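Undergrad: Turn this into a structure:
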Amino acid sequence: MSQTPAAPQINGKMYLFEKPELLNRERHGDLGLDAAAKPFSFCAHVRAIPLTISEVVEAAKHYPVVFYSQEEPLPVAILGFNSDVNLFVDENGNWEEHAYIPGYLRRYPFALAGETGGERYALVFDAAYEGVSANAERKLFDKGELSDFAKSAMEFTTTYEADRRLTERIMKELKKYNIIQSQTAQYTPAGETAPRTFAQYFGIDEQAINNLTDEQFLELRKMNVLAAIYAHLVSLNNWRSLIGRRMQRLGVSEIEAVTGQRPS
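TA: This next block holds a predicted model:
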């Protein structure tokens, strides 16, 4: 007796996705997506978001851009510190006007999932997204096929995935130069003389860059990574603006914003 094959499943977790499901017409044929009332509420409590290499220069204008670790030196945008508050999402779930929105968030509630060890990808969406319903105007399927809306989402996520994989390859090469080191962010509050450390992160060591041979520096130029490196270094000035944002958002003093603690 033949059996109906089980529907494909997603193994593991996807960052910020509560209920990721592979999109298929049997299960989701009648569903659609409307815009959420609070569009960025799903990431209102995150401190950092992944970036692709092509985003670093633009993101560096607004956020400190650092690296996930020495072993996995993937770029991330810092959105907050000392507490799980995204300082760029307001109480209405809106992203701050004119601030760059990372592609990881712009693609939500969609993403791509790849088969283990393979090259094929399928469109995924977060079934827990508040805009999902059978009454939504933007349908996921039209006459049994992906709707134009879903095709547009597929196109964007495919482009994003290609950029993400390129980023992984470039960062894997960059790791060989040993220029990413553990660093600290420090700030001296008004009335104090000694700086306070308020964040630890992984970043490019400028001295390590200066110690590269001419040949190594040329290799970095050929990798088209120099713009991202220097944008990252400049972006570290944005730590100071994050302190001001934290003071304003939480209504705390400068010292409280830096330390994360209220004075005794």
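Undergrad: Need the three-state assignment for residue 202.
TA: Here residue 202 is strand, with the state taken from DSSP: H, G, I helix; E, B strand; the rest coil.
Undergrad: which residue packs closest to it, ignoring adjacent ones?
TA: Nearest-residue entry for residue 202: residue 67, 4.3 Å, with adjacent residues in sequence omitted and distances by CB to CB, 6 or more residues apart in numbering. Backbone N, C-alpha and C define where each C-beta goes, glycine included.
Undergrad: Next: residue 42.
TA: residue 16 (5.9 Å).
Undergrad: Quick check: residue 61 vs residue 221, distance?
TA: Counting by CB to CB, to the nearest Å, the separation of residue 61 from residue 221 is 22 Å.
Undergrad: average pLDDT across stretch 192-201?
TA: Model confidence over stretch 192-201, given as mean pLDDT, is 88.
Undergrad: what does stretch 132-143 give?
TA: The average pLDDT within stretch 132-143 is 93.
Undergrad: Equivalent analysis for stretch 16-25, please.
TA: In this model, stretch 16-25 has an average pLDDT of 92.
Undergrad: go on, stretch 249-264?
TA: Mean predicted confidence for stretch 249-264 is 81.
Undergrad: for it, which positions count as buried?
TA: Within stretch 249-264, the residues that qualify as buried are 249, 252, 254, 255, 256, 257, 258, 259, counting by 16 or more other CB atoms under 10 Å.
Undergrad: Surely residue 230 is in a strand?
TA: No - judged by three-state DSSP, residue 230 forms no part of a strand; its state is helix.
Undergrad: Quick check: it vs residue 154, distance?
TA: Residue 230 sits 34 Å away from residue 154, taking CB to CB as the criterion.
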